[in-house]
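Trainee: Below is the structure, and that's it, no one-letter string:
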């Protein structure tokens with residue numbers, strides 16, 4: 001690892017870890033949203049994950065003593081986050097993906113929350129969805145905020161996305177492990193996963209680290225939805241989720257067996273809504289059938305969302321794939337969330 005810009009300031013309260021890989025269209029917005037924080041005692045660790053576009057030239061154009069740039073060979077999002085966490089000096093670690101943005105009050109409100117709730121290890125907040133141009137979409141994620149159980153995380157993932165949480169460093173370290181191929185390199189995220197690494201980490205924190213999660217009400221993260229993102233890779237995302245389940249079966253077999261059918265149903269419904277967003281009603285119907293076969297709990301617990309998803313899929317089958325894709329592109333945007 002090579003430090004391109006070195007932060008020589010004393011240890012900050014918060015370390016912001018931001019992996020960067022081929023995001024030249026968005027990375028300046030992400031950096032500006034960090035530098036605009038009302039809470040200023042932070043360091044921003046930008047991890048160059050070996051991309052080929054102008055992203056890092058844009059990063060280096062910012063002149064701020066709180067910025068540190070660390071370069072590495074490409075390891076993917078989980079590996080870049082691990083590199084950033086290893087370099088972090090703060091009491092709290094905030095994660096930001098380089099195509100997302102924060103509202104200016106985000107760090108201040110999470111620091112207040114964690115300072116006044118020492119039993120909480122992960123603080124998170126709802127997210128607003130934005131499109132590729134950065135325009136807000138009409139639906140805001142409103143997750144459960146209190147009394148978060150491991151079952152809640154497995155089935156509904158209230159944290160929502162990797163740009164939402166601020167974590168106590170001591171909580172992170174409860175699940176640290178040595179990289180299997182390089183015992184000198186610490187890991188927190190599982191680098192064998194290229195998707196679903198967030199939910200895998202939250203589950204491990206809850207089940208193995210006994211870390212408490214709690215949210216705060218303000219919408220503080222702007223999460224970008226794009227057709228080329230994870231939502232376009234539906235089947236691969238489901239395979240990755242199944243990989244998370246396989247890992248859980250090794251360290252929490254009884255918990256996994258008890259909750260996996262319900263969790264799978266919610267995951268398949270989530271992916272069906274992604275398919276609708278992308279205009280593929282046929283895939284959505286297949287996924288919804290799988291969800292129903294796994295468990296009817298989502299229908300009983302969230303009937304409006306479940307029936308709305310089914311109605312959209314049926315409508316798509318009736319009007320045909322071309323017309324439905326055009327309609328979904330105009331009407332759905334990033335609204336269809338888990």
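Mentor: Ah, there it is. Everything quoted here is computed from the prediction, not taken from an experiment.

Trainee: who's in contact with residue 21?
Mentor: Residues counted as contacts of residue 21 (Cβ atoms under 8 Å, 6 or more residues apart in numbering) are 49-51, 55, 74, 77, 80, 98. Where C-beta positions appear, they are placed from N, C-alpha and C, glycine not excepted.

Trainee: mind listing the strands for the stretch 51-200 of the chain?
Mentor: 67-71, 92-95, 101-102, 120-124, 127-130, 136-140, 166-168, 177-179, 182-187 (DSSP state E, counting those that start in this stretch).

Trainee: so can I have TSV of these showing mean pLDDT, distance to residue 305 and mean neighbour count?
Mentor: Below are the strands of the stretch 51-200 of the chain laid out as TSV (pLDDT from 0 to 100; distance: least, Cβ to Cβ, whole Å; neighbours: other Cβ atoms under 10 Å):
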stretch	mean pLDDT	distance to residue 305	mean neighbour count
strand 67-71	97	41	20
strand 92-95	98	27	24
strand 101-102	98	26	23
strand 120-124	98	21	24
strand 127-130	90	16	21
strand 136-140	78	11	14
strand 166-168	98	28	24
strand 177-179	94	37	12
strand 182-187	91	35	12
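
Trainee: Put together JSON lines for these, with distance to residue 243 on each row.
Mentor: JSON lines is the format used below for those (distance: least, Cβ to Cβ, whole Å):
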{"stretch": "strand 67-71", "distance to residue 243": "28"}
{"stretch": "strand 92-95", "distance to residue 243": "21"}
{"stretch": "strand 101-102", "distance to residue 243": "29"}
{"stretch": "strand 120-124", "distance to residue 243": "22"}
{"stretch": "strand 127-130", "distance to residue 243": "24"}
{"stretch": "strand 136-140", "distance to residue 243": "28"}
{"stretch": "strand 166-168", "distance to residue 243": "23"}
{"stretch": "strand 177-179", "distance to residue 243": "17"}
{"stretch": "strand 182-187", "distance to residue 243": "16"}
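
Trainee: Residues touching stretch 56-63, excluding its own?
Mentor: Under Cβ under 8 Å, 6+ apart, the answer for stretch 56-63 is 4-5, 20, 24, 27-28, 31, 35, 46, 48, 67, 69, 71.
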